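Novice: how would this look folded up:
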Amino acid sequence: MKVFLTISQLIYALCLVPWLFVWGMSVMVFDAGIHFWNSYYFTIISLFPVAALGCSILAWILRVRRKRAAVLINLIPMLWIVGFGVILLAFLQLR
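Specialist: Now for the predicted structure:
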């Protein structure tokens, strides 16, 4: 359990480097004006470090009593990583 939590959280920490670039570029969504979907997109991207930190802390707290819940909670930030990977692969297929 400790190995899984450590490795997954190292992956999250390494993903913060490209996230910083993506977050900086996502600010340009407001060039088209401030609309609901632009704000929603920016908020979802901005929440990745909050989700990674919050889920990591909660998973370490729950790892002793509720192992399955700890694993599931720790995998929540993976939604951002997988989602961005799918979008990136779709973009590369279109080129």
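Novice: now the helices for the chain?
Specialist: Applying DSSP state H to the chain gives helices spanning 2-26, 36-46, 48-62, 67-74, 78-94.
Novice: list the buried ones in stretch 78-90?
Specialist: Of the residues in stretch 78-90, 78, 80-81, 84 count as buried by neighbour count, 16 or more other Cβ atoms under 10 Å. Every C-beta, even on glycine, is put in place using the N, C-alpha and C of the backbone.
Novice: Out of the residues you listed, the closest to Ile61 would be?
Specialist: Met78 (18.9 Å; Cβ to Cβ).
Novice: Tell me how many other residues crowd the spatially closest residue to the closest one that is not a sequence neighbour.
Specialist: Setting aside the residues directly before and after it, Met78 is nearest to Ser8 in space (Cβ to Cβ, 6 or more residues apart in numbering), at 7.5 Å. Ser8: 19 surrounding residues under other Cβ atoms under 10 Å.
Novice: Make 232 the first number, not 1, from now on.
Specialist: Let's use 232 as the start, then, which means that last one is Ser239.
Novice: Relative to Asn269, how far out is Ser239?
Specialist: Applying Cβ to Cβ, to the nearest Å, the value for Ser239 to Asn269 is 31 Å.
Novice: Low-confidence regions, this structure specifically.
Specialist: By pLDDT under 70, the chain has no low-scoring segment.
Novice: hmm, try it at 80
Specialist: Applying pLDDT under 80 to the chain flags residues 326.
Novice: Just give me the closest of the buried residues of stretch 309-321 to Met256.
Specialist: So of these, ranked by how close each gets to Met256 (Cβ to Cβ), first place is Phe315, at 12.1 Å.
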